[in-house]
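Participant: sharing a model prediction with you, sequence too.
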Amino acid sequence: MRTTIRLSDDLLHRAKKKAAEQGRTLTSLIEEGLKTMLAESRAAKRTRVQLPISKASGGTLPGVDTEPIERSAGPDGGAVILPDVNVLVHAFRSDSGDHNLCRNWLDGVVNGDSWYGTSPQVLSGVIPG
């Protein structure tokens with residue numbers, strides 16, 4: 001897609017010089033800069049989430065697969081991580097044998113840069129109603 005932008009003479013001169021030094025086009029330099037700024041602004045808005053731990057006992061049935069990831073397309077076309085109900089149960093129940101594994105994984109997802117989400121059906125299996 002083509003567009004027109006206005007840049008100060010100094011900024012344009014510095015950008016052209018930087019692109020030439022790196023052996024690339026001005027367009028690729030501007031694209032990289034925009035992608036970096038947009039990624040930083042998204043990450044900067046997020047604050048670290050402290051996940052709670054349930055005092056309830058129990059967990060999933062023995063032999064239930066605790067593989068944590070299912071992927072789908074996110075708003076930017078990238079992957080969305082959708083944790084399984086069993087992973088959430090293990091992450092929030094400190095008496096679970098897989099608590100540390102699932103909790104550390106979930107903490108990394110929630111406080112990482114990837115898109116993530118959950119369905120009402122999954123939440124209904126974790127949150128008592």
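Facilitator: Good, I have the coordinates.

Participant: which stretches of the chain have low pLDDT?
Facilitator: Per-residue confidence for the chain (pLDDT under 70) gives these ranges: 40-46, 48, 51-78, 128-129.

Participant: outline the domain layout of it.
Facilitator: Taking automatic domain parsing as the domain assignment, the record places the domains of the chain at 9-45, 51-129.

Participant: tell me how far residue 105 lies from residue 98.
Facilitator: Here residue 105 is placed at a distance of 10 Å from residue 98 (C-beta to C-beta, to the nearest Å). (Each C-beta comes from the backbone N, C-alpha and C, glycine too.)

Participant: neighbours around residue 31, how many?
Facilitator: 12 (other C-beta atoms under 10 Å).

Participant: in a strand, it, correct?
Facilitator: No: looking at residue 31 with DSSP: H, G, I helix; E, B strand; the rest coil, it is helix, so not inside a strand.

Participant: tell me the phi and psi of residue 112?
Facilitator: In this entry, residue 112 is assigned phi and psi values of phi -90, psi -170 (degrees, to the nearest 10).

Participant: can you count the residues close to it?
Facilitator: Under the neighbour criterion other C-beta under 10 Å, residue 112 is assigned a count of 12.

Participant: may I have the phi/psi pair for residue 80?
Facilitator: phi -120, psi 130.

Participant: burial count for it?
Facilitator: Around residue 80 there are 15 other residues, counting by other C-beta under 10 Å.
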